[in-house]
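>>> Sequence isn't available, so here's the structure alone:
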Ligand SMILES: NC(=O)c1ccc[n+]([C@@H]2O[C@H](COP(=O)([O-])OP(=O)(O)OC[C@H]3O[C@@H](n4cnc5c(N)ncnc54)[C@H](OP(=O)(O)O)[C@@H]3O)[C@@H](O)[C@H]2O)c1
């Protein structure tokens, strides 16, 4: 597995890192589905062990993934996987507890300490502010930042990070937050990372970057034959593209094109959609959700650079005008 330096942290992590959202299983918050159905803890444990064996040494979780279930599974791995081998990241911010807004400092502190407890570690490597909803006028930002900076000063995390589904939102706060690492949503279909200007900011300031949802939760693999629905508790039930005949059909067509162009690769579709994201990125990795050992094995074959020409060709397949 190729290693990349995660920007100013100077830490080397696997180009393909491990996302463990699915390890939390099915989950709802109010009427919203926020988890992944059909995950067994046994599969999660085996995938973690296999990831380590394949050199996938950066694991990403959050306090809210299964309300601690993902963190707890990871925390129980240290008898098999040396803690020092793993760059461990978690997040705080989506659980607001009894409060009417996110990022209540006391509640954050409570959840951060709970994360250390779940993860069975005195110090994580990275803690992110999970999203940039800091109130209408950003009034909760300073308090939230103070909490994670203090957490760092106390030696409970080595680095701090900032995340959001929108690159524009990250840009709004990045200067004041001055994170070591950012975690934006990015895949070949939904790609505002470059156009928003976030990419330039990251490169100039040598910030680590970890792209999340590189497969758009599996949709981009082209493995669906028809529009698909998911059970309650699975967040994919709320992603409209899974239910679109046009998009599902296009994903299949694109898969055939990728399989032809990258026929020499053992996993041509995955190589196309994931490795195209590395072009022009010098300080970052991709956080790929891997639910079982089979998916880890595929992930382990990825992470190598492709030519600029190949990368541009892949990106163009998924431009909005080509998905109609
Ligand atoms: N900061 C944030 O706000 C945020 C938000 C989202 C995600 N994340 C992080 O990013 C990570 C990855 O994103 P993601 O979980 O949304 O999804 P993703 O990486 O886009 O897709 C992962 C899903 O695709 C399917 N898959 C994986 N490998 C495959 C393969 N070889 N062949 C076919 N299907 C395969 C699996 O689902 P099935 O087997 O069920 O199809 C898997 O759960 C998360 O786990 C989390 O750590 C962060």
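Alright, I've got the coordinates. If you're wondering where the values come from, they're calculated on a predicted model, not measured in any experiment. Residues are numbered from 1 along each chain as shown.

>>> The stretch 1-150 of the chain: strands as residue ranges?
In the stretch 1-150 of the chain, the strands defined using DSSP state E, counting those that start in this stretch lie at 3-5, 12-14, 16-19, 28-29, 32-33, 58-60, 87-92, 124-129.

>>> Deepest in the core, which of these is it.
Neighbour counts (mean count of other Cβ atoms under 10 Å) averaged over each of the strands of the stretch 1-150 of the chain peak at strand 16-19, with a mean of 28. Every residue, glycine included, has its C-beta placed from N, CA and C.

>>> And for the longest strand along the chain, what's in contact with it?
Ranked by residue count and defined by DSSP state E, the top strand of the chain is strand 157-164. Contacts of strand 157-164 from elsewhere in the structure, counted by Cβ atoms under 8 Å, 6 or more residues apart in numbering, are 9, 89, 91, 123-132, 148-149, 151-152, 170, 173-174, 177, 179-185, 208, 212.

>>> Same question for the helix or strand just after that strand: list its buried residues.
Stepping forward along the backbone from strand 157-164, the first helix or strand reached (DSSP states H and E) is helix 167-177. Neighbour-count burial for helix 167-177, counted by 16 or more other Cβ atoms under 10 Å, picks out 167, 169-174, 177.

>>> nearest to the ligand, of the strands of the stretch 1-150 of the chain?
Comparing those against the ligand with Cβ to the nearest ligand atom, the closest turns out to be strand 16-19 (2.2 Å).

>>> what's the closest non-adjacent residue to residue 148?
Once flanking residues are discounted, residue 148 sits nearest to residue 160: 5.0 Å by Cβ to Cβ, 6 or more residues apart in numbering.

>>> Okay, that neighbour and residue 261: tell me how far apart.
In this structure, residue 160 and residue 261 are 40 Å apart, going by Cβ to Cβ, to the nearest Å.

>>> what do you get for residue 204?
Counting by Cβ to Cβ, the gap from residue 204 to residue 261 is 33 Å.

>>> re earlier: kindly reformat the buried residues of helix 167-177 as CSV and extend each row with distance to residue 52 and pLDDT.
CSV is the format used below for the buried residues of helix 167-177 (distance: Cβ to Cβ, whole Å; pLDDT from 0 to 100):
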residue, distance to residue 52, pLDDT
167, 31, 98
169, 33, 98
170, 30, 98
171, 34, 98
172, 36, 97
173, 33, 98
174, 32, 98
177, 31, 98
